[in-house]
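>>> Here is my input; please provide its structure:
(2 chains)
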Amino acid sequence: MLDCGLDMTSTLNFLPLPLVQSPRLSNLPGWSLKDGSAFLDKELKECSGHVFVDSVPEFCLPETELIDLSTVDVILISNYHCMMALPYITEHTGFTGTVYATEPTVQIGRLLMEELVNFIERVPKAQSASLWKNKDIQRLLPSPLKDAVEVSTWRRCYTMQEVNSALSKIQLVGYSQKIELFGAVQVTPLSSGYALGSSNWIIQSHYEKVSYVSGSSLLTTHPQPMDQASLKNSDVLILTGLTQIPTANPDGMVGEFCSNLALTVRNGGNVLVPCYPSGVIYDLLECLYQYIDSAGLSNIPFYFISPVANSSLEFSQIFAEWLCHNKQTKVYLPEPPFPHAELIQTNKLKHYPSLHGDFSSDFRQPCVVFTGHPSLRFGDVVHFMELWGKSSLNTVIFTEPDFSYLEALAPYQPLAMKCIYCPIDTRLNFIQVSKLLKEVQPLHVVCPEQYTQPPPAQSHRMDLMIDCQPPAMSYRRAEVLALPFKRRYEKIEIMPELADALVPMEIKPGISLATVSAVLHTKDNKHVLQPPPRPAQPSGGKKRKRASEDIPDCKVLKPLLSGSIPVEQFVQTLEKHGFSDIKVEDTAKGHIVLLQEAETLIQIEEDSTHIICDNDEMLRVRLRDLVLKFLQKF
Amino acid sequence: MDPECSQLLPALCAVLADPRQPMVDDTCLEKLLDWFKTITEAGSSLLLLQENPCLVELLCHVLKPQDLSSRVLSFSLRLTGVFAAQEDCFQYLQGDSSLFVASAAGQLLVHILSLSMRGPAEGPPSLQADDWPPCAQKIVGHIEESLRSTATPQITQALNVLTTTFSHCHDPWTQVLWVQLHPLVAALLQKDPVPAAHSLVDLLLSVARSPGLSSSSCGLWETLAQTLSHLSPTQAGLLALGILKLQDCPQALRAQAFAVLLQPLACVLQATAQGPGPSGLLDSTAADSVTADMLLPSKAACVGLLCQTLAHLELLLPLPQRPCPWPQAPLLGAAVTLLQLCRGSGSPASDAGRQLCALLLGCVRVQRAALDFLGTLSQETGPPELVTQVFAVLLEYLRSPDSSPTVLKKAFQATFRWLLSSPRTPGCSDLDSHTLLFLRELLPVLQKRLCSPCWEVRDSGLEFLTQMTRRWGGQAGFRHALLASEVPRLTEQLLRDPESYVRASAVTAMGQLSSQGLCVPPAGPEHPGSQQKSLLGELLHILSTDSEGFPRRAVMQVFTQWLRDSHADVVGDTEQFVAGVLQVAGQDLDWEVRAQGLELALVFLEQMLGPPRSHCPYAVTPPVAAPAGPLTQALQSLCRVRLFEFAFRALFDCDRPVAQKSCDLLLLLRAKTASSSSLQEPRSSPDVASVEAALQRWRAGDQAQPLGDLEPEVVLAVLRSMDLEGLRGALAESSDHVEKSPQSLLQDMLATVGILGENEADCY
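The predicted model follows:
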């Protein structure tokens, strides 16, 4: 199984979970059907023309119907965002296999899961709505609830216990490490340049190579650069995890982020940045580190609020070997690789596990707050939205590309606060993809259908699609695809003593042949040629009989023939040997030599020779021997 | 030639002739050549050569095969040409591998041809080429042979020689030459690709421009038309522009040339058109043949052609002979479409359009060229719906986070030009309602740009603001919109920007805003503290403490303007203002700040004493009896602000422009006070003597001692006793005078190679 992501956009259908009791949210009117029936008004609430489920938020799991997940042997994880569904799989499906991921992926993935669990568990909500999921009722609901897919499979968040258990099934791997899977294939993670520890995977046998390219980046940000060279010579390249916002250039967006932040703060407003506790935030803090002095914002406090804020900031500093070259060299100076260490030392950046406690006493405005969750449905961000939403001086800046910012804001409407959308997605865009494909030249590209055509809203943007030769094979949800290659060869090892016994004969310069008699031993998808057992000495009846059953019959071998028959010379030879009235006919596959007098026909083809004569065995043998003269025997 | 130079010349010639000597640079050789030209123009070259045999030796020496640098060879050839122009014919050299030599040889060839045709023979030369002097015939034969050659470099050389010939010689024989060579030139067009196309274009244009040729009789127009259709679009563009610049040429050819020039843009419009039909740039028959194929083969070709086309059209627009009617609307449409394609915001319906979009997406070069072109198009109006599109696309560029700093700067410039050209309500100079609406959308963008992390963006935003304020600062609509925005406050904050260019631009912008009364008073309780200082105080602070010159210069310019405009902060106590500024500026290490200080002093002076009577303040003007009272008061005021001390210090400034400016100022002052008899004082006053003594020390470089409080009478006496005219003359000549002399040039060149022990020249 390649990756194990969790679709969190389902949570956008739910009401936010406020950390502090919100009169506004708790007094929202219940929603009733057009006919006036109000049996859903406990489950569904209306806010500014949108309907939300008033319940613990639920998540959309990976497809579980198509295959029995208990039969999955291995899960390969590409990056920490792509493992958020792991506890659902490892704990509830009978999965007994192994999960492979790099160390930073596991550590930061744990932080993300821990934060998620914490956000949801610390605001216990009694109600769990299920009535609305009834298919007959769902039909009657307004969009987008009406169109939500597979709502019956949506699940509440996992627990910390499940997280720990799931993570214990992960085996850590390093970049370029070769991992044998049942002798059948070898898998290798490669740096993908997108996040700390993020990987692309190579899955290869002796004769086939499949590359799985997930979230990758060619930009110079904090992680180790993408390893492109190792992707060369792939039979198939499975391509996914491209940028969600192909039209937004990350550099421009960072500039936009800084400008809007400065503009707000200079006007005395506060800035709220809903974000994940790891990833782009490191780059944003680095940009701000360079920018705040020049923008005269040195006195503005920056707050990072997350249950895992401290761990995230510290972890990032210790994964030196997974960082880009620049940051790696800093470690030897010795200096912290990320400048946020200095921001913390100088008290410009302060971090808190939650807005309760120390934060409330330190809190100064105007300020900049980084906090989760980017869906605006849970986490400390809910509180800040409620607190700052009423003033047009404040600004919320969306940087995470995973959620539609308009949908995220829907339950907070009407909103006076300014909203800026600066999605920063460093993953590959289509120009970079086409460069990458030119560079690594896979025989076939397999990708989601969406990548093979321009976005529906910008149908003229031919540049916003994958353009490669041969055209990419695309797949859509729940589609079963046969990858375009056949396994035609297997590698077989030959035991040394058997190899010693071979007597090769050169049949063409550079090509030698030898016959071999051996036993093919196959175990764990490995094939070995072993010497055949010596013919057993005749001994006791029963035993001998069993031995003869077990051991293949070793008959006296007929020699193998090779070479080709030059027809003209062959005819001359026939004439020499007294045959006359010889006629040669060309056929599609070779020649037919007709001995009209003898009423005999010799059919010569590339890989067979037939002598057809009427019951004259003497003649046949004579002719056979003449044919054999032209062939090599061994 | 003066004897000093004659003495230095042999050594220099020896250096030039010696390949082992390190070489003097090109500029020196060019200057040397210029000098020889002036000498030969003034007198006999023969005499010069006789008096300076070293020159002949040098020229003979370079003819020997040796390892001379091509620079010296080129120099010698040209020098020979200079002498030859007067004396005699020379053999020629052509085809040297060095470009310089080939070019010089080519020029020499033209000289020789021209001279031989002018010739010593009586009467004008025959118009029959067969009767031309053998030398000329040989040259023409050589050119013909080259034109028939299959080697492009040879063809290029022949074409270049002809280009030079037709540019410089306009005698009737050139027409004969053209008639004779024309078939060979036309034959080049039959080759595919056309060889040496660039040189061919140059030649045809030089022939077309030549007054010596009657173009119609020589088949020139036909050749031009043929060439236009044979050359690649890029090469043809250059020719088309040249044709359109010609004063008189057949209308049909002009139309063809204009069509060639417009073709790339017509392609763009065609490829992006929503429906079938002509694009509006070319008529339907021409448009049919237009395919976007010419743009699509490669990104580099497409971008190059489009940028060239835009630049050519931009050059053409302001010319009086530009084509008429001028297709303003389709051109506007094309510029807007290109800008949209570059942003990916257009929605081309055809495949060609989509491919074009993919090629141009994010292309900064085309964006810059199209924005420049769009700005130039603002000189003409356009249909309202297109103008709306223009403003929309400009706003899109100003808003886009992906606009690069240079593109953004161009977008600001184009926006300003379009705002300037936007229609005004009759009888009211204020911006019209559409423009005001646009302004309301623009200001939030400007606000954001002023906070950009990229200093170039902040800087161009401020420049744009300054331009807008200067133009519309007095108009109600603009004022209202600006004051409702955060722009003035953000600008004030940029006075403390870490980047000095931005601080300088912020100073200028704030000066302008303040002049127009558009500075916002420090905001209310939300922004406590820092902004209590007045702008004047803030600018004075920058003037006295900023570590970079640009902001300080900007402050001085603002102050000068404020004084000139009688800014409210200045008129309160002008003397204190001027005194304060002069005191700080006088100590500035940047000479431009000190010079600007003199400018400010001059404005103050004129306000006290009245403006100079003529453009030349030193012209002798008839004395006009000025009332002594006001003059005395004015001089006292000048003394109080210590203007004299400032000016006298500046007079001995180590930077010449400052000294010159001060000298001018003092001369003006002296002229102003010359008529006043009441202030005459005997020169022997002890005060005068002590001031003069102090000035002597200042001149000697010791400026420690201040002059103290001065009385007007003393100042006037000192002024009268000083030889300001002499000083002015000396300053005008100064080091430049010495440096430009040929003697200095020769000394410099010799010093470079170490022949002179000591560099006695005045190195600037």
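>>> After the worst-scoring helix or strand of chain A on mean pLDDT, heading C-terminal, what element do we hit next?
Here the helix or strand of chain A ranked lowest by mean pLDDT, DSSP states H and E is helix A:541-550, holding a mean of 49. Using DSSP states H and E, the helix or strand that follows helix A:541-550 towards the C-terminus is strand A:561-562.
>>> what residues does that next one touch?
A:Ile507, A:Leu513, A:Leu628, A:Leu631, A:Gln632, A:Lys633, A:Phe634 (CB atoms under 8 Å, 6 or more residues apart in numbering or on different chains). C-beta here means a position set from N, CA and C on the backbone, and glycine is covered the same way.
>>> Lowest-confidence entry in the residues you listed?
Model confidence across the contacts of strand A:561-562 bottoms out at A:Phe634, which has 70.
>>> list the contacts for the residue of the stretch 101-250 of chain B found nearest chain A?
The nearest approach of the stretch 101-250 of chain B to chain A comes at B:Pro233, 23.7 Å away (CB to the nearest CB). Contacts here follow CB under 8 Å, 6+ apart; on that basis B:Pro233 touches B:Val260, B:Gln263, B:Pro264, B:Met294, B:Leu305.
>>> any idea which helix or strand carries the second one?
In this case it means B:Gln263. Counting by DSSP H and E, B:Gln263 is part of helix B:251-272.
>>> is that helix up against chain A anywhere?
No. Helix B:251-272 is not in contact with chain A by CB under 8 Å from any CB of the partner chain; minimum separation 9.3 Å.
>>> Mind listing what's buried along that helix?
Within helix B:251-272, the residues scored as buried using 16 or more other CB atoms under 10 Å in any protein chain shown are B:253-254, B:256-272.
>>> Run a quick neighbour tally on the nearest residue to B:Ser167 once chain neighbours are set aside.
What sits nearest to B:Ser167 in space, not counting adjacent residues and going by CB to CB, 6 or more residues apart in numbering or on different chains, is B:Ser206, at 4.7 Å. For B:Ser206, the neighbour count with other CB atoms under 10 Å in any protein chain shown is 19.
>>> can you pull the contacts of B:Ser206?
Contacts of B:Ser206 by CB under 8 Å, 6+ apart are B:Leu162, B:Thr163, B:Phe166, B:Ser167.
>>> Regarding the residue in chain A that chain B sits nearest to, what is its secondary structure?
Here chain A gets closest to chain B at one residue, A:Gly252, 3.4 Å apart by CB to the nearest CB. Three-state call for A:Gly252 (DSSP: H, G, I helix; E, B strand; the rest coil): helix.
>>> The stretch 201-350 of chain B against chain A: which residues are in contact?
Residues of the stretch 201-350 of chain B found near chain A (CB under 8 Å from any CB) are B:Gly344, B:Gly346, B:Ser347, B:Pro348, B:Ala349.
>>> And the furthest pair within those?
B:Gly344 and B:Ala349 (15.0 Å; CB to CB).
>>> The two: who's more crowded?
B:Gly344 (20 against 14).
>>> Check whether that one really touches A:Met462, as I assumed.
No. With contact defined as CB atoms under 8 Å, B:Gly344 does not reach A:Met462; the gap is 10.2 Å.
>>> hmm, back to that, and the residue nearest to B:Ser167, what element?
helix B:197-209.
>>> Also B:Asp569?
Using DSSP H and E, B:Asp569 sits in helix B:568-571.
>>> helices or strands next to that helix in the packing?
helix B:535-545, helix B:549-565 (3 or more CB pairs under 8 Å, 6 or more residues apart in numbering or on different chains; DSSP states H and E).
>>> Nearest to chain A, out of those?
Nearest to chain A, of all the helices and strands packed on helix B:568-571, is helix B:535-545, at 14.1 Å by CB to the nearest CB.
>>> buried residues in that closest one?
Buried residues in helix B:535-545 (16+ other CB under 10 Å): B:Leu535, B:Leu536, B:Glu538, B:Leu539, B:Leu540, B:Ile542, B:Leu543, B:Ser544.
>>> Closest residue of chain B to chain A?
Of all residues in chain B, the one sitting closest to chain A is B:Pro401 (3.4 Å; CB to the nearest CB).
>>> Now for that residue: which residues touch it?
Counting by CB under 8 Å, 6+ apart, B:Pro401 has contacts A:Ala248, A:Asn249, A:Gly252, A:Met253, A:Gly255, A:Glu256, A:Cys422.
>>> Next, it: secondary structure please.
The three-state label given to B:Pro401 by three-state DSSP is coil.
>>> name the element the residue nearest the centre of chain B belongs to?
Nearest to the mean C-alpha position of chain B, by CA atoms, centre = their mean, lies B:Leu315 at 15.3 Å. Using DSSP H and E, B:Leu315 sits within helix B:299-316.
>>> Just list what that helix packs against, helices and strands only.
Applying 3+ CB pairs under 8 Å, 6+ apart, one finds that helix B:299-316 makes contact with helix B:233-245, helix B:251-272, helix B:328-343, helix B:351-360, helix B:364-377.
>>> mind listing the helices for the stretch 1-150 of chain A?
In the stretch 1-150 of chain A, the helices defined using DSSP state H, counting those that start in this stretch lie at A:23-26, A:86-92, A:103-121, A:135-138.
>>> how about the residues of the stretch 401-550 of chain A near chain B?
Selection of the stretch 401-550 of chain A residues close to chain B by CB under 8 Å from any CB yields A:Cys422, A:Gln458, A:Ser459, A:His460, A:Arg461, A:Met462, A:Asp463.
>>> Up against chain A, what does chain B have?
B:344, B:346-349, B:353-355, B:357-358, B:361, B:400-403, B:447-455, B:486, B:489-490, B:493, B:496-499, B:526-527.
>>> Tell me where the stretch 301-450 of chain A is predicted with low confidence.
Within the stretch 301-450 of chain A, not a single segment meets pLDDT under 70.
>>> so the helix or strand where B:Thr223 lies versus helix B:197-209, what angle?
Secondary structure from DSSP H and E places B:Thr223 in helix B:220-230. Relative orientation of helix B:220-230 and helix B:197-209, computed by axes from the mean of the first three to the mean of the last three CA atoms, to 10 degrees: 150 degrees.
>>> What residues of helix B:220-230 count as buried?
Quick answer for helix B:220-230 (16+ other CB under 10 Å): B:Leu220, B:Trp221, B:Thr223, B:Leu224, B:Ala225, B:Thr227, B:Leu228, B:His230.
>>> for the fourth one, what are its contacts?
Applying CB under 8 Å, 6+ apart to B:Leu224 gives the contacts B:Leu204, B:Ala208, B:Leu239, B:Ile243, B:Cys249, B:Leu253.
>>> need these in CSV with pLDDT, can you?
Putting these into CSV (pLDDT from 0 to 100) gives the following:
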residue, pLDDT
B:Leu204, 93
B:Ala208, 90
B:Leu239, 94
B:Ile243, 93
B:Cys249, 86
B:Leu253, 93
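>>> Can you turn the buried part of those residues into a PyMOL selection?
The PyMOL selection below is limited to those of the contacts of B:Leu224 classed as buried (16+ other CB under 10 Å):
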select buried, chain B and resi 204+208+239+243+249+253
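>>> which of the contacts of B:Leu224 lies closest to A:Asp136?
Using CB to CB, the contacts of B:Leu224 come closest to A:Asp136 at B:Leu239, 76.5 Å.
>>> buried residues in stretch A:35-49?
By neighbour count on 16+ other CB under 10 Å, the buried set for stretch A:35-49 is A:Leu40, A:Glu43, A:Leu44, A:Lys45, A:Cys47.
>>> Nothing else from me, thank you.
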